[in-house]
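Asks: no sequence on this one, just coordinates:
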């Protein structure tokens, strides 16, 4: 396994690898790898013969006051896990290698960010679209793998890839959960034990909604009311949003007569958690 | 010479060409080729062994009321000229092939567009940066060639290429002028004979400024005053801007103690013309 630190070296490596006829599969992450990330690597290895993992905590997707500085990092542990998963290259640049002082070019979308997390994090997806564009140009992959846990991010990257004509296949991978249902997240490490109990209400409310829909409920408002009740039962929880929306456009849906996305974001103490589930109506 | 009409076919061709070890050089244009474009092709052919010309009048860089519909087009003549210059591929997509109805992703810069033409055309460079990003991802060139006539565009593309880590060398080519000094432009075809005389004042005012600087003038205001006088002597002319600025940042310069860019935009009748020159102080 090779560790590459600069964009220039990574591009030279990618070019050489492509010229050897190999298929590059790319898994971009912010590191502090958990089972969710490992599932991306495992899925990725099925789609090509050269697996590149990037580890970079991207400053442009954090707003002032968010947890850029405190975001958990553990490169040694990540490298050991990556090696075990058969990663060929870790691309781990320094911030200064990717962002010059006079950096001024951004990739942004006009519609998809105006929903869900984009409403409370107005510059977040501009930062995501920009770093993913940069990483695509640096790693030069044939395919790239993203988790469905960050559902809106995946939708935005699919749209951006199509709109900007990146010749890259985007692969989505289902959420990986702890045995008790909590969606895996690097930020789970922030949770104190009693917060951890409160956090379980996210998955529970999604599962309840799935059951309601399966047994005939077609009103989005009813699902949202129930989920809000389940989550608010814990005083540690503060709801950012609970939404039922179209899985492609992310626009609100009132009547559930086809598969819909239920997505939610909740602050548990200082920790902001997200989760989602596609709900399939009965019949 | 091959003519390719869709992004998908162009990407497949580019991939095949790269895998053969060839170097792709790309010259993006809006067609209606003149000697200026041909000089880009000639310079391009020095930098690689596979020359791709794109012809696409890009709607997203025209604002409402600008000349998108009336922009001159002559594909047959362009194709004949391209063949003569040794072009390997013309990429000539339809608008619907590059922009879906729900297109929503744009590339934009925060500083360089806030000068010169960007002030009167506020969405123009967003359209340019977006289409160039798309074309880079479709044509997959090793190098791309742009004219210095569109100086601000070239500066923006250089910055964007660096900021977004495109692994593409950007080559600038000097302005080509008619024997009387008028900078070549597809829009010159709009000029009536008397307007054409008025249009010569653009080059004349730049040449006068160069002479003033060579003989010791260091005050930008004096150059601008003289140029405005020269251009305004023609009632057909209406000045958009006359600016003396830093060649890299495009920020206004007051004291000329190093090379500066003098740039101007003038409406001659309905035709908006631009021209520029880098002025070198004496000694």
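Replies: Ah, there it is. The model shown is predicted, which means the values in this text are computed figures rather than measured ones.
Asks: avg pLDDT for the longest helix anywhere in chain A?
Replies: Within chain A, and with DSSP state H defining each element, the longest helix by residue count is helix A:193-214. Here helix A:193-214 scores 97 as its mean pLDDT.
Asks: check which residues of that helix are buried.
Replies: Residues of helix A:193-214 classed as buried by neighbour count (16 or more other C-beta atoms under 10 Å in any protein chain shown): A:195-196, A:198-206, A:208-210, A:212-213. In this view, the C-beta of every residue, glycine as well, is placed from N, C-alpha and C.
Asks: kindly report the same for stretch A:216-225.
Replies: Residues of stretch A:216-225 classed as buried: A:217, A:220, A:223, A:224 (neighbour count, 16+ other C-beta under 10 Å).
Asks: can you pull the pLDDT of the first one?
Replies: Among the per-residue scores, residue A:217 holds a pLDDT of 97.
Asks: can you verify it is assigned to a helix?
Replies: No: assigned with DSSP: H, G, I helix; E, B strand; the rest coil, residue A:217 falls outside any helix and is coil.
Asks: I'd guessed it sits against residue A:257; true?
Replies: No: counting by C-beta atoms under 8 Å, residue A:217 does not reach residue A:257; the two are 11.6 Å apart.
Asks: from the contact counts, what lies against the longest helix of chain A?
Replies: Using 3 or more C-beta pairs under 8 Å, 6 or more residues apart in numbering or on different chains; DSSP states H and E, the elements in contact with helix A:193-214 are helix A:220-232, strand A:237-245, strand A:260-268, strand A:271-279.
Asks: who wins for proximity to chain B among the ones you listed?
Replies: strand A:237-245 (15.9 Å; C-beta to the nearest C-beta).
Asks: any idea of the angle the closest one forms with strand A:260-268?
Replies: Angle, strand A:237-245 to strand A:260-268, by axes from the mean of the first three to the mean of the last three C-alpha atoms, to 10 degrees: 170 degrees.
Asks: ok now strand A:237-245, how far from the chain's centre?
Replies: Offset of strand A:237-245 from its chain centre (C-alpha atoms, centre = their mean, to the nearest Å): 17 Å.
Asks: measure the residue lying closest to residue A:181 once chain neighbours are set aside to residue A:247 for me?
Replies: Nearest non-adjacent residue to residue A:181, counting by C-beta to C-beta, 6 or more residues apart in numbering or on different chains: residue A:203, 3.7 Å away. Distance, residue A:203 to residue A:247, by C-beta to C-beta, to the nearest Å: 19 Å.
Asks: and residue A:238, by the same measure?
Replies: Going from residue A:238 to residue A:247 by C-beta to C-beta gives 26 Å.
Asks: can you check residue A:156 too?
Replies: Residue A:156 is 13 Å from residue A:247, where distance means C-beta to C-beta.
Asks: so for the two, which sits in the more crowded spot?
Replies: The residue with more neighbours, out of residue A:156 and residue A:247, is residue A:156; 28 against 16, by other C-beta atoms under 10 Å in any protein chain shown.
Asks: for residue A:58, give me its contacts.
Replies: Contacts for residue A:58 (C-beta atoms under 8 Å, 6 or more residues apart in numbering or on different chains) come out as A:30, A:127, A:128, A:131.
Asks: with distance to residue B:3 added, can I get the residues you listed in JSON lines?
Replies: Formatted as JSON lines, the contacts of residue A:58 follow (distance: C-beta to C-beta, whole Å):
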{"residue": "A:30", "distance to residue B:3": "44"}
{"residue": "A:127", "distance to residue B:3": "40"}
{"residue": "A:128", "distance to residue B:3": "37"}
{"residue": "A:131", "distance to residue B:3": "36"}
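Asks: report how many residues lie close to residue A:262.
Replies: 24.
Asks: does it touch residue A:222 like I think?
Replies: No: with contact defined as C-beta under 8 Å, residue A:262 does not count as touching residue A:222 (11.9 Å).
Asks: which residue packs closest to the residue of the stretch 151-283 of chain A found nearest chain B, ignoring adjacent ones?
Replies: Using C-beta to the nearest C-beta, the closest approach of the stretch 151-283 of chain A to chain B is made by residue A:163 at 3.6 Å. Leaving out its chain neighbours, the residue that sits closest to residue A:163 by C-beta to C-beta, 6+ apart is residue B:105, at 3.6 Å.
Asks: what helix or strand is residue A:170 on?
Replies: In this structure, residue A:170 sits in strand A:169-173 according to DSSP states H and E.
Asks: which ones are touching residue A:29?
Replies: So residue A:29 contacts A:37, A:40, A:53, A:54, A:55 (C-beta under 8 Å, 6+ apart).
Asks: nearest to residue B:21, of those residues?
Replies: Nearest to residue B:21 out of the contacts of residue A:29 is residue A:54 (C-beta to C-beta; 27.6 Å).
Asks: neighbours of the closest one, how many?
Replies: 24.
Asks: likewise residue A:118?
Replies: Residue A:118: 20 surrounding residues under other C-beta under 10 Å.
Asks: any low-confidence regions in chain A?
Replies: Applying pLDDT under 70 to chain A picks out no residues at all.
Asks: what about 80?
Replies: Within chain A, the segments meeting pLDDT under 80 span A:283.
Asks: okay, now the domains of it?
Replies: Per automatic domain parsing, the domain ranges recorded for chain A read A:2-173, A:186-277.
Asks: quote the end-to-end distance of the last one.
Replies: Between the opening and closing residues of domain A:186-277 lies a distance of 19 Å (C-alpha to C-alpha, to the nearest Å).
Asks: for the first one, same thing?
Replies: According to C-alpha to C-alpha, domain A:2-173 extends 25 Å from its N-terminal end residue to its C-terminal end residue.
Asks: show me how far it is from its chain's centre.
Replies: The chain centroid and the centroid of domain A:2-173 are separated by 10 Å under C-alpha atoms, centre = their mean.
Asks: residues from chain A in reach of chain B?
Replies: Contact residues (C-beta under 8 Å from any C-beta of the partner chain) of chain A with chain B: A:7, A:11, A:15, A:18-19, A:21, A:98, A:100, A:102-112, A:129-130, A:133-134, A:137-138, A:140, A:159-160, A:162-167.
Asks: if we use 7 Å, what do you get?
Replies: Residues of chain A found near chain B (C-beta under 7 Å from any C-beta of the partner chain) are A:7, A:11, A:103-112, A:133-134, A:137-138, A:159-160, A:163-167.
Asks: next, the nearest residue to residue A:7 once chain neighbours are set aside: phi, psi?
Replies: Using C-beta to C-beta, 6+ apart and skipping the chain neighbours, the partner closest in space to residue A:7 is residue A:138 (4.7 Å). Here is the backbone geometry of residue A:138 (degrees, to the nearest 10): phi -90, psi -40.
Asks: tell me which of the contacts of residue A:29 is nearest to residue B:62?
Replies: Nearest to residue B:62 out of the contacts of residue A:29 is residue A:54 (C-beta to C-beta; 37.3 Å).
Asks: tell me, what residue is most central in chain A?
Replies: Ranked by distance to the mean C-alpha position of chain A (C-alpha atoms, centre = their mean), the top residue is residue A:150 at 3.1 Å.
Asks: do you know how far that one is from chain B?
Replies: Per C-beta to the nearest C-beta, to the nearest Å, residue A:150 is found 18 Å from chain B.
Asks: and if you look at residue A:124?
Replies: Distance of residue A:124 to chain B, given as C-beta to the nearest C-beta: 16 Å.
Asks: looks like that residue contacts residue A:112 (just checking).
Replies: No: Residue A:124 is beyond contact range of residue A:112, at 11.9 Å (criterion: C-beta atoms under 7 Å).
Asks: more neighbours, these two?
Replies: Of the pair residue A:124 and residue A:112, residue A:112 is the one with more neighbours under other C-beta under 10 Å, namely 25 against 20.
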